[in-house]
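Enquirer: Compute the structure for the input listed below.
(one chain, ligands or ions: 1)
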Amino acid sequence: MTPRGIKIISKTFTHLMPNKTDLKYKRILFKVSGEAMMGDKGFGHDVDAIQRICNQIILAYELGCEICLVVGGGNIFRGISVAATGMERASADYMGMLATCINGLALQNALEKRGVQTRMQSAIRMDSICEPYIKRKADRHLEKGRIVIFAAGTGNPFFTTDTAAVLRAVEVKCDVILKGTQVDGVYSADPKLDKNAVRYEKMKYNDVIKQELKVMDQTAITLAKDNKLPIIVFSIKGENALCDVLQGKGKFTIIN
Ligand code: UDP
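Expert: Modelled structure (predicted):
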């Protein structure tokens, strides 16, 4: 058991327990992409990948963070791609939002199995499955040390879960939004395709917008800019990557 009562399932986990003094951000929103939940599979859920995400979340929890999660749905359904095949965009997007709820439930289950208290709130009412999104309730859950999972994106078609992440982070007054990706920050070009791509340590919101960098969609970046919400982009591949970032260690790009 960890100091906050969480089950330790990995042998390599104990030495990662963080030093609480270095915490840079108290209330955080961690954006978990749908892709991260499928690991190396082409679709759906990979149990080990979900466990690894949970390990990172639990380490951040042990560090003393109040944690919000926004989960994507791209591992199950991406509205825009399906709309391209002829389905009406709004219907496709609603299906995408339902996919984020499936992922939210998977994450909730995996976290609660480890002994962490969570609550899932959905932007689309589904009362027998989870709470509706109510900001004041979310605040209360966070104060009580529960991890809050925000599902169904913004509840509106034509948006993304990145925008939902920024929106919720602003509403519940998170200190930072953390976006875990496959690479260790924002690059001038795709580092997998261009050897000369340069990684930025720091960026201004306007630079991301002007250069049309694909780190988050423009709506999300603009909303973060208007509300002065810092965004940290980092690689989720390391065992305690999230915790490192929260302690100002490791490689990442900060957009502010
Ligand atoms: N979606 C939406 N409105 C929102 C959030 C999501 O319509 O506010 C839909 C959209 O179709 C999107 C899908 O849900 O493609 C899954 O979300 P996203 O692509 O952002 O997930 P991720 O890329 O993080 O896995």
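Enquirer: so what secondary structure elements neighbour the helix-or-strand element of the chain with minimal mean pLDDT?
Expert: Lowest on mean pLDDT, DSSP states H and E among the helices and strands of the chain sits helix 79-83, with a mean of 92. In terms of contacts (3 or more CB pairs under 8 Å, 6 or more residues apart in numbering; DSSP states H and E), helix 79-83 is packed against helix 89-113. C-beta here means a position set from N, CA and C on the backbone, and glycine is covered the same way.
Enquirer: is the helix it packs on anywhere near the ligand?
Expert: Yes: for helix 89-113, a contact with the ligand is found by CB under 6 Å from any ligand atom, at 92-93, 96-97, 99-100.
Enquirer: That helix: which residues count as buried?
Expert: 92-108, 110-111 (16 or more other CB atoms under 10 Å).
Enquirer: repeat for stretch 207-221
Expert: Buried, per 16+ other CB under 10 Å, within stretch 207-221: 208, 213, 215-216, 219-221.
Enquirer: what does it contact?
Expert: With contact meaning CB atoms under 8 Å, 6 or more residues apart in numbering, stretch 207-221 is reached by 159-160, 162-163, 165-166, 179, 181, 186, 188, 205, 222, 224-225, 231, 233, 253, 255.
Enquirer: likewise stretch 223-235?
Expert: 163, 166-167, 169-170, 174-186, 205-206, 209, 215-216, 221, 241-242, 244-245, 250-256.
Enquirer: one more time with 7 Å, if that's ok
Expert: 163, 166-167, 169-170, 176-186, 205, 215-216, 241, 245, 250, 252-256 (CB atoms under 7 Å, 6 or more residues apart in numbering).
Enquirer: just to revisit the earlier point, just the buried residues of stretch 207-221: which are in helices?
Expert: Per DSSP state H, helices hold the following members of the buried residues of stretch 207-221: 208, 219-221.
Enquirer: In TSV: these, plus pLDDT and distance to Gly39.
Expert: Formatted as TSV, these follow (pLDDT from 0 to 100; distance: CB to CB, whole Å):
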residue	pLDDT	distance to Gly39
Val208	96	28
Thr219	97	29
Ala220	98	25
Ile221	98	28
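Enquirer: Give me the distance between Val166 and the ligand.
Expert: Computed as CB to the nearest ligand atom, to the nearest Å, the Val166 to the ligand distance reads 11 Å.
Enquirer: ok, that residue to Leu29 distance?
Expert: Here the criterion is CB to CB, to the nearest Å. By it, Val166 lies 8 Å from Leu29.
Enquirer: Can you check which residues contact both of the two?
Expert: Residues touching both Val166 and Leu29 by CB under 7 Å, 6+ apart: Ile177.
Enquirer: before we move on, back to that, mind telling me the two of the buried residues of stretch 207-221 farthest from one another?
Expert: Across the buried residues of stretch 207-221, no pair lies farther apart than Leu213 and Thr219, at 14.2 Å, counting by CB to CB.
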